[in-house]
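> Here is my input; please provide its structure:
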Amino acid sequence: MEIKILGTGCTKCKTLEKLTRKVVAEKSIEANISKVEDIMQIMNYGVVSTPALVIDEKVVIKGRVPSEKEIKELLTK
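Next up is the predicted model:
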């Protein structure tokens, strides 16, 4: 699984990254997690409001920080 956190480094972006890493570790999900901070790369995903969560090149959350429960559901379905 390829997971990307899109965000320029704001508090919400850092929170999303922290929650995502926590869920991946807790659920023993095999995943590569990367942080994309380049605004042009972020815009290539059609995201204008960060943070955003991308799973296997599909934007699943944008413009908000989801709950830990929501992240678990997205990563385990």
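> Look up the pLDDT of residue 76 for me, please.
pLDDT recorded at residue 76 is 89.
> quick one: the closest residue to it other than its chain neighbours from residue 49, how far?
Leaving aside its sequence neighbours, residue 76 sits nearest to residue 27 (C-beta to C-beta, 6 or more residues apart in numbering; 6.3 Å). In short, each C-beta sits where N, CA and C put it, glycine included. The gap separating residue 27 from residue 49 is 27 Å, by C-beta to C-beta, to the nearest Å.
> what's the answer for residue 13, then?
11 Å.
> Would you mind telling me which of those two has the busier surroundings?
The neighbour comparison of residue 13 against residue 49 (other C-beta atoms under 10 Å) goes to residue 13, with 20 against 10.
> for that one, phi and psi?
phi -60, psi -40 (degrees, to the nearest 10).
> Can you get me a residue count around the closest residue in space to it that isn't next to it in sequence?
Leaving aside its sequence neighbours, residue 13 sits nearest to residue 7 (C-beta to C-beta, 6+ apart; 2.6 Å). By other C-beta under 10 Å, 23 other residues sit near residue 7.
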